[in-house]
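>>> Sequence and predicted structure are below.
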Amino acid sequence: AKAGGRNGYCFFAAEMTVEARTRMTLELSLRHALAREEFVLHYQPRIDLGTMAIVGMEALIRWNHPELGQVSPMQFIPIAEETGLIEAIGQWVLLEACMQTRRLMDWSGRPLCISVNLSARQLKCRDIVDQVRDALDRSGLPAPLLELELTESALIEDIEHSARLLKELKGLGIRLAVDDFGTGYSGLAYLRRFPLDVLKLDRSFVLQQDENDHNFDFIKAFVDMAHALKLSVVAEGVETSDTLQFLRNADCDEAQGYFLAKPLSLSDFEAYLSRLPRI
Ligand code: C2E
Ligand code: CA
Ligand code: CA
Ligand code: CA
């Protein structure tokens, strides 16, 4: 962009839309964000709909940008994917989530299952299996307490590769979940090719709920089918008690959402745990 010298650069910058400039700023600062320790993980509790007890949490990355303040992962994860920075960021998320969960378990005396989001690009990363093994070894977190969330679209990009990789990951003893299920694509049939444990219903899917509507039968049939495939069903984005009741009636296993708890900083999550009834 600077090729045309100072004036050339100014001309170019003036031509750029606000959006493009924001993106450029983000892209440049994203390169240093890891080294400058600008990322933190927040944790959203996941609740068992049978007992209403916490079973674990999802790690959600937050970027505290020095000038822009908190930048949403919806904004920077796509940039991290395109630039390849997601590989290093994702590796940091894995280790940080496992380490913090191990500490939270020791501190609270509860078993906690931690869910970590993996992006499409990370699935293509040659040493992803080693990264996961390394995070388990270094943290001492028992493998069955780590769950990886993979999106439906990432999985079906290359079904053969995904099937092989998931088998290898499963060999470590961890749990595997399909994230954002219902946002498009496939259906349940191809899922049988993968060693999955959990299906996460997308928020858009969960939102259309109405007891008097066909949607109930639809979601119920869906949950039954998932159960027939030995998958447990987690609903995300539960914002009201009506939705919660709806999902319990539909036999859904677990849920996450603002109605139950928002994503919390580590210290807020600790406070949340300490307010829960003793086990
Ligand atoms: P996701 O994996 O589908 O995560 C769920 C998103 O829904 C989170 O947004 C969460 O804060 C939000 N959410 C939870 N409950 C509710 C609710 O009741 N209502 C509404 N409206 N939203 C709710 P967040 O934290 O902004 O993350 C957005 C997306 O960014 C995630 O969607 C995921 O795709 C990606 N992401 C977040 N952290 C990571 C990460 O560490 N690695 C990767 N690769 N992607 C991540
Ligand atoms: Ca997720
Ligand atoms: Ca999701
Ligand atoms: Ca989503």
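Right, received. Where do you want to start? Since we're looking at a predicted model, the values are computed, not measured. Ligands and ions are numbered 1, 2, ... in the order given.
>>> CA atoms for contacts and neighbours, from now on please.
Will do.
>>> quick one: the helices in the stretch 101-250 of the chain?
Remark: helices assigned in the stretch 101-250 of the chain by DSSP state H, counting those that start in this stretch are 120-123, 128-139, 152-157, 159-170, 203-207, 214-228, 241-249.
>>> Is ligand 1 within reach of the second one?
Translated: helix 128-139. No - counting by CA under 6 Å from any ligand atom, ligand 1 is not contacted by helix 128-139; separation bottoms out at 12.8 Å.
>>> what does the stretch 51-200 of the chain have sitting close to ligand 3?
Residues of the stretch 51-200 of the chain that fall close to ligand 3, judged by CA under 5 Å from the ion: D179, D180.
>>> Whichever strand or helix holds E19 vs ligand 1: in contact?
Secondary structure assignment for E19, by DSSP states H and E: helix 18-33. No - applying CA under 6 Å from any ligand atom, one finds helix 18-33 separated from ligand 1 by no less than 13.9 Å.
>>> circling back: now the helices of the stretch 101-250 of the chain in CSV, with mean pLDDT and mean neighbour count?
Converted to CSV, these look like this (pLDDT from 0 to 100; neighbours: other CA atoms under 10 Å):
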stretch, mean pLDDT, mean neighbour count
helix 120-123, 95, 18
helix 128-139, 98, 17
helix 152-157, 90, 18
helix 159-170, 96, 16
helix 203-207, 79, 17
helix 214-228, 86, 16
helix 241-249, 93, 17
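>>> of all the ones you listed, which lies closest to A33?
Checking the helices of the stretch 101-250 of the chain against A33 by CA to CA gives helix 120-123 as the closest, at 18.5 Å.
>>> got the contact list for the residue nearest to A33 when sequence neighbours are not counted?
Once flanking residues are discounted, A33 sits nearest to F39: 6.9 Å by CA to CA, 6 or more residues apart in numbering. By CA atoms under 8 Å, 6 or more residues apart in numbering, F39 lies in contact with A33, I61, R62, W63, N64.
>>> Equivalent analysis for G182, please.
L201, D202, F205.
>>> what do you get for L85?
L30, R31.
>>> again with the one 10 residues further on
Each residue near L95 by CA under 8 Å, 6+ apart is listed here: A135, L136, R138, S139.
>>> Quick one: mean pLDDT for the following helix or strand past the helix holding E19?
Downstream of helix 18-33, the next assigned helix or strand under DSSP H and E is strand 39-48. Averaged across strand 39-48, pLDDT comes to 98.
>>> The helix or strand following strand 39-48 near ligand 1 anywhere?
Next in sequence after strand 39-48, counting helices and strands by DSSP H and E, comes strand 54-65. Yes - Strand 54-65 reaches ligand 1 (CA under 6 Å from any ligand atom) through L60, I61.
>>> Now do strand 54-65: distance to the chain's middle.
For strand 54-65, the separation from the chain centroid amounts to 8 Å (computed by CA atoms, centre = their mean, to the nearest Å).
>>> Not counting sequence-adjacent ones, nearest residue to the residue nearest to the spatial centre of the chain?
Centre of the chain computed as the mean C-alpha position; nearest residue by CA atoms, centre = their mean is N117, 3.3 Å away. Among residues not flanking N117 along the chain, E149 sits closest, at 4.7 Å (CA to CA, 6+ apart).
>>> surely the one you found meets I174?
No - if you go by CA atoms under 8 Å, E149 and I174 don't touch, sitting 11.2 Å apart.
>>> which of these two has more neighbours?
E149 (21 against 18; other CA atoms under 10 Å).
>>> Okay, and the beta partners of that one?
Under DSSP bridges, the beta-bridge partners of E149 are N117, A177.
>>> Residues of the stretch 1-150 of the chain that sit close to ligand 1?
Counting by CA under 6 Å from any ligand atom, the stretch 1-150 of the chain sits next to ligand 1 at L60, I61, S72, P73, M74, G90, V93, N117, L118, S119.
>>> gap between stretch 217-224 and the chain center?
23 Å.
>>> Likewise for stretch 85-105?
On CA atoms, centre = their mean, the centre of stretch 85-105 falls 12 Å from that of its chain.
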